[in-house]
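[1] The following comprises the amino acid sequence and a computationally predicted model.
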Amino acid sequence: QVQLVESGGGLVQAGGSLRLSCAASGRMFGSYVMAWFRQAPGNEREFVAGIMRSGGSTYYKDSVKGRFTISRDNAKNTVYLQMNNLKAEDTAVYYCAADRHPSPNVAGTTASYDYWGQGTQVTVSS
């Protein structure tokens, strides 16, 4: 069983930045497609960003393109989400997720992911 532990959330003013980290247990991290999702109160969990195993390909929700950057360090078993120019609508609990299947691309649905972290709260004040 893989454990994912997020950190880096907090309270920030609109226009500010945060960097989320997600540390994974085990020795198979480099074989997982990784993604960040978020869930605001009353909303469904939604895809934010994803990254392929080598880190060569990344994918983003339209509303975060140009502001968020996903990256990974396979030597450290960690995936990151750099969030710049944050907006009030980015307020949510952010989750990292791992897809352990040999998927050819990043999936945007929660059902495609096998392991989830506990989430970290991001609150953006306007």
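    Structure received.
[2] what comes up buried for stretch 86-98?
    Of the residues in stretch 86-98, Leu86, Asp90, Thr91, Ala92, Val93, Tyr94, Tyr95, Cys96, Ala97, Ala98 count as buried by neighbour count, 16 or more other Cβ atoms under 10 Å. (C-beta placed from N, C-alpha, C; glycine too.)
[3] wait, I meant stretch 99-109
    Under 16+ other Cβ under 10 Å, the buried positions of stretch 99-109 are Asp99, Val106, Ala107.
[4] First-to-last residue distance for stretch 101-121?
    One end of stretch 101-121 to the other measures 28 Å (Cα to Cα, to the nearest Å).
[5] that older thread, tell me the one of the buried residues of stretch 99-109 nearest Ile51?
    Val106 (7.0 Å; Cβ to Cβ).
[6] what about the strands in the chain?
    Applying DSSP state E to the chain gives strands spanning 4-7, 10-13, 18-24, 33-39, 46-51, 58-60, 68-73, 78-83, 92-99, 115-116, 120-125.
[7] Turn those strands into JSON lines, including mean pLDDT.
    Below are the strands of the chain laid out as JSON lines (pLDDT from 0 to 100):
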{"stretch": "strand 4-7", "mean pLDDT": "98"}
{"stretch": "strand 10-13", "mean pLDDT": "98"}
{"stretch": "strand 18-24", "mean pLDDT": "98"}
{"stretch": "strand 33-39", "mean pLDDT": "98"}
{"stretch": "strand 46-51", "mean pLDDT": "98"}
{"stretch": "strand 58-60", "mean pLDDT": "97"}
{"stretch": "strand 68-73", "mean pLDDT": "98"}
{"stretch": "strand 78-83", "mean pLDDT": "98"}
{"stretch": "strand 92-99", "mean pLDDT": "98"}
{"stretch": "strand 115-116", "mean pLDDT": "98"}
{"stretch": "strand 120-125", "mean pLDDT": "98"}
